[in-house]
Structures are given as structure tokens and as C-alpha cells.
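Here is my input, please return the structure:
(chains A and B, ligands or ions: 2)
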Amino acid sequence: MDFHDLATRSGEWLRGNGPESDIVISSRLRLARNLADFPFCNRASDLEKREIEATFRTVSDDLEFGEDLHYLDVDKLDSIDRQFLVERQLISRELATTDGARGVAIALSEDVSLMVNEEDHLRIQVLRSGYSLQACWELGNRIDDLVEDKVRYAFSEEFGYLTACPTNVGTGMRASVMLHLPALAMTKQIDRVFRALQKIQLAVRGLYGEGSQASGDFYQISNNVTLGKTEAEILRNIEVVVPQIVQYERTARTELVKESKQTLHDRVSRAYGILCTAQTISSEETMHLLSSVRMGVNLNLIPDVNVGMINDLFIHTQPAHLQKIEGQPLESEERNIARATYLRRRLTNTSESAN
Amino acid sequence: MKLKCHQCPERAVFHITEVDDGGQYSEVHLCPKCAHHYLNATPEQSVTSAALAEVPEKPKAEVSVGLPSSPLETDIECSVCGMTFAEFRSSGRLGCPHDYDAFREHLMPLMETIHGNTRHVGKVPGRLPADTRVQTELIKLRQELRQAIATEDYERAAELRDQIDRLRGDHAE
Ligand SMILES: [Zn+2]
Ligand SMILES: [Zn+2]
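Ligands and ions are numbered 1, 2, ... in the order given. As a prediction, this is how the structure comes out:
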């Protein structure tokens, strides 16, 4: 798998054309599984970890679900490559930073990744563009069945799939959707939405922020409970609230347009102008401005810009991506210059942006 | 341990000690729900609501799980992997699948607080583990194998390897 090549394109899930994709960026499902005849990762010796890794490497090589998987030895990658995979959402921060033998099997379309020796022996991840939780579950479930044909999972009839942390026991399933909610953030209604969500046992988390603010106005909603509910119930729980939040965001956008179209138009146009012309720009400012531009494109305030490209830019302007695109390690200041150059190039290349 | 959660009105059950690069300690007390977000938030996913924003984002956290009503007088140990409940309390991670049996009494109230439930009703693997005793036996044998290698008792190690292969062979189809 060629990282430079990966860095210049993007995963299927970023294409920006799934259901409700103006607001729901992506849907993700993770299943936590462990082998029955090994200790959990934190208790496993180096030798045992290597055995666990070898087991799942063989399993993933033979897995037939319609796509080929490419296996990467995460412990042998350098830190920029690991960071790159985290930015890409192909591996978790934990898999990037933990010790010992570990790996990931990635589908070229980037919608499937199997993490080996993260907190649990196996984490099956399915990632899709737009609002597609059911499709994620169907594929994740199928892959889980195929893996289970070859290994024996730690499972008890009483507690379900046994996991290293009791917060994941039962279904071992974490389903989430990533939402872009700039209008709710701008009109300061977002905290109210979150308080309502916490009452129904859903977790909300900001994405991509380096500071305390969820930069880019991206929020991830996921289930808290994994035990005592079926997978279908857990998904339904999320599926009940997502359309409501999408509706709140749409209403907030409509009202912003109605109340002060000029102000809003001015704001998104300025954001676009800065991104097209800046000579040096931080990651945080980029996120903030891209968020405005993304909403502007969705509201047809900025013509002829492809929303899929804007989605791309959120990922491609992150530190490890920039360094991969440039083909060399860059200090923070150098990255700010490289980021600005990259943004100018992508945004002013009309042949790309207009399609 | 009657502290309130730092992020909501629930009672705090998780007590997390953050250690920053400068060696400074700070304590965060959280209910199971908030603790779950906190612990599962990866550093690039900074937390959003105003209350959550107060919690510093640090890579290394020591987590202790304080059970609401049963302070541990005597520690218990898993006979399969050797993990003690005290170790679980400080790491937040269990040692092997058998721990769910070994620590059952203490895990039940914890799972009740986290999930509001203690019984799985979801997917069941197509084939249930035929005999969990064999699986736990394998974990034990591997543990012994590790010790044998550490003490350079290669004869014993070879024996153990044979035993492991035999057990796995019998139960693979
Ligand atoms: Zn709380
Ligand atoms: Zn154990």
C-alpha cells in the first residue's frame, strides 16, 4: 500500500454523496471481538500478541466479502504513517500509540478496516459516506460471520462478546454518525441538542479539534450502551435521533438565510476568499473556514464548488497528510505554509472544483 | 466515594488521575457514562460541551474504578490469567475472558451502572464455544509456557507447546 498515493486521493466515505450527506458526513460501525483462548491484549505477552496477530493476518488474507484487504504492520510504521492512518480514520489513536505486535487490514476503498491488537484482539470497522448505518451493520455483521468461521470468539451466553473493557461487553458494537452542524453551532443551540441526547444514552463528541473547541463543527453521535440491547435496538436508538438533529440543523440554516442572507453570504464568501489566498494558515483556522465554506456550498451561496472536494480538504490539510503530500517531514510553521499552498492549489484549480 | 460526576449530576464511579508531561497530577471524577466518552475519546477528538471542555486532554491516564458500595477488603485473583481485581481497578482493563466469571460479583454492579443491564440479548455466534474450559486451559498453559521460557526451562516449554498444539488441534475443525 503506497502512502503517497493514498494521500493524494480519498476514501469512498468522503465522496459526499450518501443519504443526507450535506449534514451527515459518514456512518461508522465498530465491532469488538476477542479470541477465546488468549488473554486480552493488555495481559498478553509479546509472543502471544504475535500469535494473535498472525491468526488475524491469515484470516484477513483469506476473507472473501467482495474486496481485497491490505495488511499493514502498524508496529513497523513510522509515526507519520501511523498518524496518517489516524487522520484517515482507518485506525484509532489507540492502535497508533499502543505497544507491541499490531496491525490493520484495510480495503482499498477504505470502507473496511480490521484492527488487530488494539484494546481488543480484533476491531472490525466499517465506514460509509452519508447516513448509512444499516449498510455498515450489514457489512460488519457479514465480515464478523466470516471471521467467526475461522476462529473461536470469547463469548458467554450471559454477557455476550467478552471485551477487555466492560464498557464494550455484550454486542461489542459501537455505531456512530459524524454530523456537520455549523448552523446549530453558530446560533448557539448545540448544547441544548446535546443535553437531550445524553438523556437517551447517546454520546456526543467533537471531532478534529486540537484545542477545546470542536473545530470544523463536526460532531459524532454514538451509542453508550452495548449490553442488554440487540444490535437492531442500538441502531434504532441512533436512527430515531439523527433525522431530528438533521432537521434542527436544516431549520437553523433556513432561519439564518431568512434573517440575514447577506451577512451569511458575506461570511462564507470571506471564508472562501481567505482559503483561496492565504499564504500561511493553521490547522484550526482551516477547519473553521472550511466549515463555513462547506455550509455555503450546501446552501448554494458559493457556486461551482464540489462538496466532495471540501470534504477532502478537511482530511488532506491535517499534519500527517500534508507531510505525505509534500513527501517530507515538516515543522509546524512549514506545515502552515504548505497547507496554504495546498489550499490555493486545490481551490483555484477550476477544472477540479467545478465537477 | 460519594463524589458527583464532574460533567453531569450523576454519582462519580470512575476516578481518573491525569498525569501531564510536566508530572502534574489532576483528578477527574466521572459517572460511568461520562467516563466512557472520556476514556474513548481519542486525543484528536476533543470533547465539545462546555463542561467537557474543562477536562484536559492527556494521553496517559490512570483509571481507577471505585465501586459505589463495596470497598474491597480482600483482593481477588483470576486463576487463569493471574489478574487481580485491584489491577483491573487501576487499569480499567480486564486480563482474560475468564475474568467475567472470576470478578463476577464485583462486575455485576458495574455493568448495571454502565449499561443499565447485565444480560446479553444481541447476536450469538453461529457456533458457541463448545467448552470454555478448554479455552481457559489454553490461556493457562500459555502462561506457564511464558514462565518456562523466562526461566529457560526449555524441556518444560517443549512439553507445554505440544500440549497446546494438541488442545488446539482437538478443537479446531
Ligand atoms: Zn457524568
Ligand atoms: Zn483472567
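
Please count neighbours and contacts with C-alpha atoms only from this point.
Fine.

Tell me, how many residues neighbour the closest residue to chain B within the stretch 151-300 of chain A?
When scored by C-alpha to the nearest C-alpha, the stretch 151-300 of chain A has residue A:230 as its residue closest to chain B, at 4.0 Å. Residue A:230: 17 surrounding residues under other C-alpha atoms under 10 Å in any protein chain shown.

Now that it has come up, it's in contact with residue B:124, right?
No. Taking C-alpha atoms under 8 Å as the definition, residue A:230 is not a contact partner of residue B:124, at 10.4 Å.

which neighbours do these two share?
Taking C-alpha atoms under 8 Å, 6 or more residues apart in numbering or on different chains as the criterion, residue A:230 and residue B:124 do not both touch any residue.

which is the next helix or strand following the helix or strand hosting residue A:286?
Residue A:286 is part of helix A:283-298, with elements assigned from DSSP states H and E. Once helix A:283-298 ends, the next helix or strand along the chain (criterion: DSSP H and E) is helix A:307-316.

so what does that next one touch, helix or strand wise?
For helix A:307-316, the packing partners by 3 or more C-alpha pairs under 8 Å, 6 or more residues apart in numbering or on different chains; DSSP states H and E come out as helix A:283-298.

can you map out the strands along the chain?
By default, I'm working from chain A. Applying DSSP state E to chain A gives strands spanning A:24-33, A:69-73, A:103-107, A:112-116, A:122-129, A:155-156, A:160-161, A:173-180, A:202-206, A:218-223.

Chain B, not that one
Along chain B, counting by DSSP E, strands occupy B:14-19, B:25-30, B:61-65.

least reliable of the ones you listed going by mean pLDDT?
Among the strands of chain B, strand B:61-65 carries the lowest mean pLDDT, a mean of 46.

Kindly report the residues of chain B close to ligand 2.
Contact residues (C-alpha under 5 Å from the ion) of chain B with ligand 2: B:78, B:80-81, B:95-96, B:98-99.

Please repeat the previous calculation with a cut-off of 6 Å.
Contacts of chain B with ligand 2, taken as C-alpha under 6 Å from the ion, map to B:78, B:80-83, B:95-96, B:98-99.

Buried ones only from those residues, please, as a ChimeraX command.
Applying 16 or more other C-alpha atoms under 10 Å in any protein chain shown to those, the buried members can be selected in ChimeraX as follows:
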select /B:78,80,81,83,95,96,98,99
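
Could you report the separation of residue A:29 from residue B:109?
Residue A:29 is 27 Å from residue B:109, where distance means C-alpha to C-alpha, to the nearest Å.

Looking at the two, which one has more neighbours?
A count of neighbours by other C-alpha under 10 Å puts residue A:29 above the other of residue A:29 and residue B:109, at 28 against 18.

who touches the more buried one in this structure?
Counting by C-alpha under 8 Å, 6+ apart, residue A:29 touches A:124-127, A:133, A:136-137, A:140, A:173-176.

List only those of the residues you listed flagged as buried.
A:124-127, A:133, A:136-137, A:140, A:173-176.

so which residue of chain A comes closest to ligand 1?
Closest contact between chain A and ligand 1, by C-alpha to the ion, is at residue A:198 (9.6 Å).

Skip the chain neighbours and tell me the closest residue to that residue.
residue A:204 (7.8 Å; C-alpha to C-alpha, 6 or more residues apart in numbering or on different chains).

Can you get me a residue count around the one you found?
Residue A:204 has 24 nearby residues by other C-alpha under 10 Å.

per-residue confidence at residue A:221?
Here, the pLDDT recorded for residue A:221 equals 89.

meant to ask about residue A:74, not that
Looking at residue A:74, its pLDDT reads 96.

right, and it touches residue A:106 too?
No. Counting by C-alpha under 8 Å, residue A:74 stays clear of residue A:106, with 11.6 Å between them.

Is stretch A:276-296 in proximity to chain B?
No. Using C-alpha under 8 Å from any C-alpha of the partner chain, stretch A:276-296 never reaches chain B; the gap is at least 11.9 Å.

Can you list the neighbours in contact with that stretch?
Residues contacting stretch A:276-296 (C-alpha under 8 Å, 6+ apart): A:182, A:209-210, A:215-217, A:265, A:267-269, A:271-272, A:275, A:302, A:307, A:310-311, A:313-314, A:317-319, A:336-341, A:343-344, A:347-348.

Ok, stretch A:123-131 next?
A:12-21, A:23-33, A:110-116, A:135-137, A:139-140, A:143-144, A:177.

Same question for stretch A:86-98.
Outside stretch A:86-98, the residues within contact range by C-alpha under 8 Å, 6+ apart are A:74, A:82-83, A:85, A:102, A:104, A:106, A:110, A:113, A:115, A:117-119, A:315, A:318, A:320-321, B:42-44.

Can you get me a residue count around the nearest residue to residue A:21 once chain neighbours are set aside?
In this structure, residue A:21 finds its nearest non-sequential neighbour in residue A:130, 4.4 Å apart by C-alpha to C-alpha, 6+ apart. When neighbours are counted by other C-alpha under 10 Å, residue A:130 registers 25.

Residue A:334 now?
Residue A:334 has 12 neighbours, counted by other C-alpha under 10 Å.

next one: the one 5 residues further on
Per other C-alpha under 10 Å, the neighbour tally for residue A:339 reads 29.

pretty sure it is touching residue A:322, no?
Yes. Counting by C-alpha under 8 Å, residue A:322 is a contact partner of residue A:339 at 6.8 Å.

Okay, helices next: where are they in chain B?
In chain B, the helices defined using DSSP state H lie at B:32-40, B:50-53, B:85-91, B:99-102, B:104-115, B:132-150, B:154-171.

Using a markdown table, please lay out those together with mean pLDDT and distance to residue B:10.
A markdown table is the format used below for the helices of chain B (pLDDT from 0 to 100; distance: least, C-alpha to C-alpha, whole Å):
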| stretch | mean pLDDT | distance to residue B:10 |
| --- | --- | --- |
| helix B:32-40 | 70 | 9 |
| helix B:50-53 | 27 | 14 |
| helix B:85-91 | 90 | 20 |
| helix B:99-102 | 95 | 26 |
| helix B:104-115 | 92 | 11 |
| helix B:132-150 | 83 | 37 |
| helix B:154-171 | 84 | 46 |
